[in-house]
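Asker: Let's see this in three dimensions:
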Amino acid sequence: MILKASPLQQNFNAQKSLPLPTMGTALDSGIKGYNSYGIYLREKYKGQRVFKTIVDGGFTCPNRDGSKGYGGCTYCNVDSFTPEPSRKLPTIKEQLEEGMRRARNSYKADKFIVYFQPNTNTYAPTHYLKMMYDEALSVNSEDVVGFAVGTRPDCIDAEKVALLESYTDRYDVDLEMGMESIYDETLNQINRGCSHGEFIEAVKLLENSKLDLCVHTIFGFPWETREMMQGYIHEINRFPQIKFVKFHHLHIVEGSIMGVKYKKNPFKLFTLEEYTDLLCELIPLLRPDIVIQRLFGISDWDLLIAPNWGLPKSAIQTYIDKEIERRGVQQGSMYSN
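Answerer: From the prediction side, this is the model:
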């Protein structure tokens, strides 16, 4: 089957052949209308190239193993956001060494953030977690500046917060937690296995903590309105301990429960233009001190069912950034506490 290039893809291809303008914009100089994680890292680490290196610790989730349910979140296939080396190499040491090697060769990386990403990386006894974390942080330790751990609101407690805080004298430590939606109806529909109230309780555990909290959201559940999605931002703004956010548009992947349902009965998903419109509405509402680690999330082509925007990730990022600049969007310009 021959796939026809989308209008956006055709436009992107055409732009690549155009001569560069003699005078650049603010974006060309690296200035964006929002707090970009890349810029944050460059400033924090004095110009060094710092990259996250993902490790799969072999954890599961309570809504997969039966303690809260089976099948996991309906949108999720862990492989869709786990790099190939993390999926295929058996040991933590091998995963990190290969990930660091690739980042050095492909991106000229200087330093690294060790990132326990797939599944729920605090879903184990604390002594076991410490063993896993210590093993990971011993790999090329002289080049590791940060440590990030992905988890769920119902899998974090004071003892685990204390464990993570014990690393903050040597590393910048991020706790990444999925909020996904603020509406329990949505959380129930996607088999999340925990409520928004549990998210709030987990966030409160981090008051006055040395940990930096990064919150994940998903925009575009077909039953949620634009106004409901704006509510996510107002909720995030309430908590000063939230330092980072990762925004994702709902995308459907192979191997997920939602993927099976979508193939039988497709439903409305964002086009790139529609999602960019939404971001241009949300970013001005977002508290101005929060750093945006990600504006969108998308799986590898071999796992992606929909929406297929017909562009590589770098081109999607460029399109969104240019639209943000063209529209004069500024993070926090409409924020009120």
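
Asker: Mind telling me what element Leu41 is part of?
Answerer: helix 37-44 (DSSP states H and E).

Asker: CA atoms only: put that helix into CSV for me.
Answerer: Listed next in CSV are the C-alpha coordinates belonging to helix 37-44 (Å, rounded to 0.1, in the frame of the first residue of the first chain):
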residue,chain,number,x,y,z
TYR,A,37,12.8,21.4,29.5
GLY,A,38,15.7,21.4,27.0
ILE,A,39,16.5,25.1,27.9
TYR,A,40,16.0,24.4,31.6
LEU,A,41,18.6,21.5,31.4
ARG,A,42,21.1,23.6,29.5
GLU,A,43,20.9,26.5,32.0
LYS,A,44,20.9,24.2,35.1
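
Asker: quick check: mean pLDDT across stretch 29-47?
Answerer: What stretch 29-47 shows for mean pLDDT is 93.

Asker: Stretch 72-87 too?
Answerer: On average, stretch 72-87 scores 67.

Asker: Start at 54, not 1
Answerer: Sounds good: first residue 54 from here, last item stretch 125-140.

Asker: would you list every one of the helices in the stretch 154-303 of the chain?
Answerer: For the stretch 154-303 of the chain, the helices defined by DSSP state H, counting those that start in this stretch occupy 179-190, 211-218, 237-242, 249-258, 279-290.

Asker: Buried residues in stretch 152-170, which are they?
Answerer: 152-153, 155-156, 162, 164-170 (16 or more other C-beta atoms under 10 Å). C-beta: built from backbone N, CA, C; applies to glycine.

Asker: what pairs with the most centrally placed residue in the chain across the strands?
Answerer: By C-alpha atoms, centre = their mean, the mean C-alpha position of the chain lies nearest to Lys299, the distance being 4.2 Å. Lys299 has these beta-bridge partners by DSSP bridges: His269, Arg347.

Asker: returning to what we had before: ok, and what's touching the helix holding Leu94?
Answerer: By C-beta atoms under 8 Å, 6 or more residues apart in numbering, the surrounding residues in contact with helix 90-97 are 83, 85, 101-103, 225, 297, 344-347.

Asker: Give the pairing partners of the next helix or strand after it; include direction for each.
Answerer: Under the assignment DSSP H and E, the closest C-terminal helix or strand after helix 90-97 is strand 103-108. Paired strands of strand 103-108, with direction, are strand 164-169 (parallel) (DSSP bridges).

Asker: export the strand it pairs with as CSV, just CAs?
Answerer: The C-alpha trace of strand 164-169 is given here as CSV (Å, rounded to 0.1, in the frame of the first residue of the first chain):
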residue,chain,number,x,y,z
LYS,A,164,25.7,13.8,31.3
PHE,A,165,22.7,11.6,32.1
ILE,A,166,19.5,11.3,34.1
VAL,A,167,18.8,7.7,35.0
TYR,A,168,15.1,7.2,34.3
PHE,A,169,13.1,4.3,35.6
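
Asker: quick one on the thing from earlier: tell me the buried residues within the contacts of helix 90-97.
Answerer: Judged by 16+ other C-beta under 10 Å, buried ones among the contacts of helix 90-97: 85, 102-103, 225, 297, 344-346.
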